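Chemist: could you look at this predicted model? Sequence included:
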Amino acid sequence: MSAEKMPGVSAIDTTNFARQIVLDFEFAPVPKQRQRRGLCNEIIEAGAVKLDYHGNVMGEFSQFVQTEFTEGVAFPVRELTGISAVGTAMADPLYMVIKRLSDLIGRHSAQVVCWSGADRRQLLIECQAKHIDLSAFPTDWADLQAFYTSIMDMSSHGCVSLSDAATWFGIEFDESTGHAHSALADARVTAKLLKQMMDGDYRVSPRAQEVRQRWGMGERAQTRLSSKCPELGDLLLKLKAEGR
């Protein structure tokens, strides 16, 4: 399937897919004089966590990506991600990384879950610009950011960042990846947020008040989704009882 024909981002579906693939990309800006076919950024790192339908981790993926148009890694990107120009120069090109990601996913039905729709947009634009075939890649994508922005009552304030959601629910970034905000570190945090959504168990951290104050929100956060939406809480318990 060509990139331009891939469906858009849909709601998260944890019942009709055997696998959830939590995916995160890190990008670097392409200098204006080197931009081609609408490509303003290039993927420099890919990280993924594969979960079964219970939310258990089945495998992980982490790899730098060689760029074609980007010269080096800009300082702000290098400072945030820890990725150097040497790391990308010695890496494989995107088409090989996509092939390895597809191998990780395997033949099971899978939904790709990202934090926001930015990763999907970048992949489609870049694969189209570089004529990379995505026919073996899953076509179902879901945005976890939209879900958490809603249940945290932050919709009127804008979209919640991954860092704020992690703080809200007391999830720490795993620096064993070499850097707190590498693609794999972000994918691991996103996977933990997805797991708690699948379990229907939302235990708000005391540090959630830091986020609320920063966003100008006065009321205390709900500690569990079931207290905020009993019907959804009952549904999740029913699905767990049925082994879904």
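Modeler: Cool, got the structure. Residues are numbered from 1 along each chain as shown.
Chemist: report the rounded mean pLDDT for the biggest helix by length in the chain.
Modeler: Taking DSSP state H as the criterion, the chain has its longest helix at helix 183-199. Summarised as a single mean, pLDDT over helix 183-199 is 93.
Chemist: now swap in stretch 31-48 and tell me
Modeler: Rounded mean pLDDT across stretch 31-48 is 88.
Chemist: same deal with stretch 158-174?
Modeler: Mean predicted confidence for stretch 158-174 is 90.
Chemist: what's the first-to-last distance across that stretch?
Modeler: 26 Å (C-alpha to C-alpha, to the nearest Å).
Chemist: the helix or strand just after the longest helix of the chain: how far from the chain's middle?
Modeler: Past helix 183-199, further along toward the C-terminus, the next helix or strand under DSSP states H and E is helix 208-214. Distance of helix 208-214 from the chain centroid (C-alpha atoms, centre = their mean, to the nearest Å) equals 23 Å.
Chemist: tell me where this protein has helices.
Modeler: Using DSSP H, helices in the chain cover 75-81, 85-89, 94-105, 118-129, 144-151, 162-168, 183-199, 208-214, 225-228, 230-241.
Chemist: buried residues in the fifth one, which are they?
Modeler: If I follow you right, that is helix 144-151. 144-149, 151 (16 or more other C-beta atoms under 10 Å). For the C-beta atoms, the positions are set from N, CA and C on the backbone; glycine is no exception.
Chemist: which one of those residues is nearest G38?
Modeler: Nearest to G38, judged by C-beta to C-beta, of these is Q145 at 23.5 Å.
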